[in-house]
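K.L.:
the amino acid sequence is not available; the structure is as follows:
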């Protein structure tokens, strides 16, 4: 114990030194009891557990406890400003192709597919002229793409405007197979896109095919289905090859209705 030396035995003489030690010990006890005040704080504090009924401050600031509300407003605005500044100051070191001062353009093929051309060879060896990406990015995104999407220099993507449809009704009482549906322009091929077939027959089969190669476009079995719609097909015939309609085993006086959508390609 700290004050073990101050203990005395019976008949021990009380000396001035002993009395002074007792007073010093009392002084230590007195000031120890005042520890924890703002004027007399603990230098070091050790413990395993602690229970605080009210607030706990560390370096003058309250310690956050479970369930305490947290306000992030004070850090939200500075964080947003820093992030925005970092994005604005970011430098992209990659490169993009510049084809004869036309960096980006839209294209549409004969099938109505729209694509973005970002690079093309500028000589017979496939070499591409390159320039730093960052200044081109602003030009491309802010001018080329935005203008194309919002009507300035817009591309015509009306697929149906480039396609053709043929429709007719066939009376099997007066017609006999094969019936020519469509014949391509000389030197071209028929590229089919959709097919619709219908009949009022209660039996038999109806089909559309390319006349020479026999490529089947669509078919119905009248005893099961009276009509069929094939709205997403692409079957291409040979040059100068026509489409024909054929049938067999239909009911007497049956009629057939068809619609074929197609394009002519080289």
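P.N.:
Perfect, thanks for sending it. Quick caveat, the model's predicted, so the values are computed rather than measured.
K.L.:
pLDDT averaged over the strand or helix carrying residue 84 - what is it?
P.N.:
Using DSSP states H and E, residue 84 sits in helix 73-89. For helix 73-89, mean pLDDT rounds to 68.
K.L.:
same deal with stretch 253-266?
P.N.:
94.
K.L.:
go through it and flag the buried ones.
P.N.:
254, 255, 256, 258, 260, 261, 262, 263, 264 (16 or more other CB atoms under 10 Å). From N, CA and C alone the C-beta is placed, and that goes for glycine too.
K.L.:
among these, which lie within strands?
P.N.:
255, 256, 258, 260, 261, 262, 263, 264 (DSSP state E).
K.L.:
what sits against the fourth one?
P.N.:
By that I understand residue 260. Neighbouring residues of residue 260 by CB atoms under 8 Å, 6 or more residues apart in numbering: 165, 166, 167, 181, 182, 192, 194, 195, 196, 208, 217, 243.
K.L.:
shaky segments in this protein?
P.N.:
1-3, 5-6, 29-40, 42-43, 45, 67, 69-76, 80, 87-161 (pLDDT under 70).
K.L.:
could you list the domains of it?
P.N.:
15-62, 95-149, 163-265 (automatic domain parsing).
K.L.:
okay if I get the ones in strands among the buried residues of stretch 253-266 as a markdown table plus distance to residue 201?
P.N.:
A markdown table is the format used below for these (distance: CB to CB, whole Å):
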| residue | distance to residue 201 |
| --- | --- |
| 255 | 8 |
| 256 | 8 |
| 258 | 14 |
| 260 | 20 |
| 261 | 24 |
| 262 | 25 |
| 263 | 31 |
| 264 | 32 |
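K.L.:
ok, for residue 172, nearest residue in space, not its chain neighbours?
P.N.:
Of all residues not flanking residue 172 in the chain, residue 254 sits nearest, at 5.0 Å (CB to CB, 6 or more residues apart in numbering).
K.L.:
which stretches of the stretch 151-266 of the chain form strands?
P.N.:
Assigned by DSSP state E, counting those that start in this stretch, the stretch 151-266 of the chain shows strands spanning 164-171, 179-182, 189-199, 205-210, 216-221, 227-230, 243-248, 255-265.
K.L.:
pretty sure residue 171 sits against residue 250.
P.N.:
No - between residue 171 and residue 250 there is no contact under CB atoms under 8 Å: 11.0 Å.
K.L.:
out of these two, which sits in the busier spot?
P.N.:
Neighbour comparison, residue 171 and residue 250: the larger count goes to residue 250, with 20 against 10 (by other CB atoms under 10 Å).
K.L.:
for the more buried one, grab phi and psi.
P.N.:
The phi/psi pair for residue 250 (degrees, to the nearest 10) reads phi -80, psi 160.
K.L.:
residues contacting it?
P.N.:
Residue 250 neighbours (CB under 8 Å, 6+ apart): 172, 199, 201, 203, 204, 206, 222, 256.
K.L.:
and the gap between the closest residue to the third one other than its chain neighbours and residue 171?
P.N.:
Spatial nearest neighbour of residue 201, excluding adjacent residues (CB to CB, 6+ apart): residue 254 at 3.6 Å. Separation of residue 254 from residue 171 (CB to CB, to the nearest Å) stands at 8 Å.
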